[in-house]
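Peer 1: Below are the sequence and a predicted model for it; my questions follow.
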Amino acid sequence: MPAYRAVEELVRGQDQPRPDLTGIPETALWTVYHRAAEAARPDTVLPDPRAVRLVRELDFPFHARLGAARPWVAQAIALRALGFDGVVREFLAAHPDGTVIALGEGMETQFWRVDNGRVRWVTVDLADPLELRLRVLPHGARQRTVACDIRDRRWLDGIDASRGVLVTAQGLLMYLQPAQVHQLIADCAENFPGGTMVFDTVSRRFSARTRAGGQGPGGHRLPPMPWGVDPAEREALRTVHPAVTELRDIPLPAGRGLLGYAASHAAALPFLRKNRPLITRLRFAAAPAGHRAGGA
């Protein structure tokens, strides 16, 4: 039996957590399902034993609700996570005592993949997925959770930005309206001077497909994604707030086989160059002398 099928065939007991997520929160299960399928392979691009264990422990009909975990989709999801991991590790190399704020983290297990033993980690999510997360991924002393919608600015309170802040939004911003995304970026720029933000986006074509009810990768019908961005349009994000000082594309790491090659060279391939998912890193200007930010 292929490794990715083994994850789907795990037997679950009656005492295991039973998720009751629908709509956008359910996409957290779709993502960890595929990440675990990739992690179960002997030649995986992303070792992630916690994701494999999490899928095993959840009493959820992954195959019936989400379809088969397609190997190419699983690798693509894992490569996206690996790209985000690289940004976090680079941030922690410069700010070992810094704070990572993971927006809409869902069932992501990134903390355990990148933890340097010093980072402060803040997970911001809706109450239901956050409750499930805390049941299956117990948090330690350096991890804090905030239960609220990311459009609710309450999550910005109480963040100590003095040791550096990185805001991550993986698989999230495409579910917001463009004006909401711009407001979120502006809020981060104002509250975390000298900080960094990294997020991924889908193309305009893919956004339109989801809004028309089309199927997503692997045949699963994803919720509508209002915000789509093509590479040529991304530069406009520099103008969202005066404190945005740098915008950089984060290419996917090289993976396995033809898909792994195409993912890391998408910007150079004619059939993918203008219609590909993007990972973008923004940097914000440092605060003027004497300025205190982030609720510190």
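Peer 2: Noted; the coordinates are in hand.

Peer 1: Now for His34, how many residues are close by?
Peer 2: Neighbourhood size, His34 [other C-beta atoms under 10 Å]: 30. Quick note: C-beta positions are derived from backbone N, CA and C, even for glycine.

Peer 1: Phi first, then psi, for it.
Peer 2: phi -70, psi -40 (degrees, to the nearest 10).

Peer 1: residue ranges of the helices in the stretch 1-150 of the chain, please?
Peer 2: Assigned by DSSP state H, counting those that start in this stretch, the stretch 1-150 of the chain shows helices spanning 3-8, 27-39, 49-57, 62-66, 71-94, 110-114, 127-136.

Peer 1: just the ones you listed: most buried one?
Peer 2: The highest average neighbour count among those, using mean count of other C-beta atoms under 10 Å, belongs to helix 27-39 at a mean of 26.

Peer 1: Helix 71-94 and that one, what's the angle between them?
Peer 2: 100 degrees (axes from the mean of the first three to the mean of the last three C-alpha atoms, to 10 degrees).

Peer 1: Can you list the helices and strands that helix 27-39 packs against?
Peer 2: helix 3-8, helix 49-57, helix 62-66, helix 71-94 (3 or more C-beta pairs under 8 Å, 6 or more residues apart in numbering; DSSP states H and E).

Peer 1: now those helices as CSV including mean pLDDT and distance to Trp121?
Peer 2: Shown next, in CSV, are these (pLDDT from 0 to 100; distance: least, C-beta to C-beta, whole Å):
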stretch, mean pLDDT, distance to Trp121
helix 3-8, 42, 26
helix 49-57, 93, 14
helix 62-66, 84, 26
helix 71-94, 96, 10
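
Peer 1: mind putting these in JSON lines, distance to Arg153 included?
Peer 2: As requested, those are arranged in JSON lines below (distance: least, C-beta to C-beta, whole Å):
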{"stretch": "helix 3-8", "distance to Arg153": "38"}
{"stretch": "helix 49-57", "distance to Arg153": "30"}
{"stretch": "helix 62-66", "distance to Arg153": "33"}
{"stretch": "helix 71-94", "distance to Arg153": "23"}
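
Peer 1: Tell me which of those sits nearest to Pro193.
Peer 2: Smallest distance to Pro193 across the helices and strands packed on helix 27-39 (C-beta to C-beta): 15.3 Å, for helix 71-94.
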